[in-house]
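1. Turn this into a structure:
(one chain, ligands or ions: 1)
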Amino acid sequence: MKSDMKESGEASFTLNGKTVDLPVFKGVHGPDVVDIRKFYKETSAFTFDPGFTSTASCESKITFIDGDEGVLLYRGYPIEQLAEHSDFLEVAYLLLNGELPDRAEAERFDQSITLHTMVHEQLKNFYGGFRRDAHPMAIMVGVVGALSAFYHDSTDINDPKQRQIAIHRMIAKMPTIAAMAYKYSIGQAFVFPRNDLDYTSNFMRMCFAVQAEEYECNEVLCDALDKIFILHMDHEQNASTSTVRLAGSSGANPFACIAAGIASLWGPAHGGANEAALNMLEEIGTADRIPEFIARAKDKDDPFRLMGFGHRVYKNYDPRAKVMRKACHDVLDALGVREEPLLQVAMELEKIALEDEYFVSKKLYPNIDFYSGITLRALGFPTDMFTVLFALARTVGWIAQWREMIEDPNQKIGRPRQIYTGPSERDYVPINKRA
Ligand code: SDX
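-> Residues are numbered from 1 along each chain as shown. Sure thing, here's the model as predicted:
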């Protein structure tokens, strides 16, 4: 990847009487960056930014978020337009290659993904080692990590051809592996992928078909899920994507890096929030209990957070939540469950939170996870599968960012430093001399 940062000035920094001039770079959108790569060498001090709230970890051309304006662009295209007009594999092609495909490119890409959807027969043995009640995300971390044991012919990260095969294998096999995790958890036989179905219909069929009868995809539901996958595909340098980049910076193979990303996404503060948001709505139960939970969310001594609200970057409405909200209503209308009690609680909670001074002052808006849980449950998925679906979609973003990192001439192994506040140097004391 060629760097397109443009030098736009200089920042001077003085520490202990020594001044260092640091170049400032401008991107296409978003804040400028102060290049501190020589900061430690010239000042003998580290910068300090736990949580990386003010730190750009890399240059990227894939996704841009404007948290104040509530903007999300994939390769420059607004997420709302892609969700409205595109489909999963076309957006996957866009994220990977930087441009929307022409018909021939789209056909070749779709064909390649379709022909990689099967998994090695022996991969099935990994499922049997799990208890049936294992959380599907535990299965995903294990099975995806195990892929690197099967595909030695695509783990040389320095060979572009092997990178391409690994990328297509990863995108193609995630739905099969995810559907198998679901089938295993409910004690049903695995369903093979079909080459005559599109990506998302294939996934829905692998989850909900049974050998005893034909399965017909409901077009409205498949379209809604395809839209949900597009919304979840990438999101700049979030926790799980940064995990994938850091793992990849050591030269680890892409399958192991994606497994690391899955592990990071599982956290309730991140991708686990859709599952946690639905569990929270079920715990609230009825609208009259909402004030009790709002009060808990405000209480600094209570670790409770209003799941599905707030975001590190969005200090405006998450643009994905708007699309998600509409998809949610479309699905519930299609299923004739518009009066879904949880939706009523969710709508009332959203209304109250958006008027409450605490949430308004802290700019805590509903995020994508707020409505996705209700929608996914209406589509027939159990709560513990929600983050698996998030991981399925985010695999495209992770693998696109992984490849961008590998191809970035500036990339080095990620190795942050620290400020040490432990014991000063001291000598060992034999046990018979200890107090
Ligand atoms: C995702 O990074 C990404 O891009 C993630 C993601 C993606 O696509 O990859 O968008 C997906 O992870 C969405 C977020 C899902 N998580 C949740 O819905 C869990 C609930 N949200 C919170 O845990 C929280 O909002 C975070 C973790 C999302 C953000 O945490 P931050 O960065 O600490 O939030 P902040 O600094 O903006 O918080 C400002 C204040 C703090 O209070 P003070 O210290 O200023 O007094 O708001 C408070 C926070 O304590 N706060 C909340 C809150 N979220 C933040 N208070 C109550 N309920 C909440 N949900």
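
2. CA only for contacts and neighbour counts going forward, please
-> Will do.

3. tell me the strands in this structure, going along the chain?
-> Counting by DSSP state E, one finds strands in the chain at the ranges 6-15, 18-26, 33-34, 63-66, 71-74, 77-78.

4. For the ligand, find the nearest of those.
-> Closest to the ligand of the strands of the chain is strand 63-66 (C-alpha to the nearest ligand atom; 8.8 Å).

5. wait, what's in contact with the nearest residue to A327 once chain neighbours are set aside?
-> Once flanking residues are discounted, A327 sits nearest to A224: 5.8 Å by C-alpha to C-alpha, 6 or more residues apart in numbering. A224 is in contact with A327, D330, V331, counting by C-alpha atoms under 8 Å, 6 or more residues apart in numbering.

6. can you put the strands of the chain in JSON lines and add distance to F208, mean pLDDT and mean neighbour count?
-> As requested, those are arranged in JSON lines below (distance: least, C-alpha to C-alpha, whole Å; pLDDT from 0 to 100; neighbours: other C-alpha atoms under 10 Å):
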{"stretch": "strand 6-15", "distance to F208": "51", "mean pLDDT": "94", "mean neighbour count": "12"}
{"stretch": "strand 18-26", "distance to F208": "49", "mean pLDDT": "95", "mean neighbour count": "15"}
{"stretch": "strand 33-34", "distance to F208": "48", "mean pLDDT": "97", "mean neighbour count": "18"}
{"stretch": "strand 63-66", "distance to F208": "33", "mean pLDDT": "97", "mean neighbour count": "20"}
{"stretch": "strand 71-74", "distance to F208": "31", "mean pLDDT": "97", "mean neighbour count": "22"}
{"stretch": "strand 77-78", "distance to F208": "32", "mean pLDDT": "98", "mean neighbour count": "16"}
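
7. hmm, back to that, pLDDT score for the residue nearest to A327?
-> Confidence at A224, expressed as pLDDT, is 93.

8. Tell me the spacing between it and Y127.
-> Separation of A224 from Y127 (C-alpha to C-alpha, to the nearest Å): 29 Å.

9. tally of neighbours for the nearest residue to V119 once chain neighbours are set aside?
-> The spatial neighbour of V119 that comes closest, neighbours along the chain excluded (C-alpha to C-alpha, 6+ apart), is K173 at 6.7 Å. Look at K173: counted by other C-alpha atoms under 10 Å, it has 22 neighbours.

10. Report the contact partners of K173.
-> Per C-alpha under 8 Å, 6+ apart, neighbours of K173: H116, T117, M118, V119.

11. near the ligand, which residues of the protein?
-> Selection of the chain residues close to the ligand by C-alpha under 6 Å from any ligand atom yields 235, 238, 269-271, 273, 297-298, 305-312, 362, 367.

12. Buried ones among the residues you listed?
-> Buried members of the residues of the chain next to the ligand, counted by 16 or more other C-alpha atoms under 10 Å: 235, 269-271, 273, 297, 305-311, 367.

13. which pair in these spans the largest distance?
-> The most widely separated members of those, counting by C-alpha to C-alpha, are H235 and A297 (25.7 Å).

14. Skipping adjacent residues, who's closest to the closest residue to the ligand within the stretch 151-300 of the chain in space?
-> Nearest to the ligand, among the residues of the stretch 151-300 of the chain, is H270, at 3.1 Å (C-alpha to the nearest ligand atom). In space, and not counting its chain neighbours, H270 is closest to A239: 7.4 Å by C-alpha to C-alpha, 6+ apart.

15. Check the burial of that neighbour by counting its neighbours.
-> 18.

16. next one: S44
-> By the criterion of other C-alpha under 10 Å, S44 has 9 neighbours.

17. Do a quick rundown of the helices in the stretch 1-150 of the chain.
-> Secondary structure of the stretch 1-150 of the chain (DSSP state H, counting those that start in this stretch): helices located at 39-43, 79-85, 88-97, 103-114, 125-128, 136-146.

18. Can you list the low-confidence ranges for the stretch 301-435 of the chain?
-> With pLDDT under 70 as the threshold, the stretch 301-435 of the chain has no low-confidence stretch at all.
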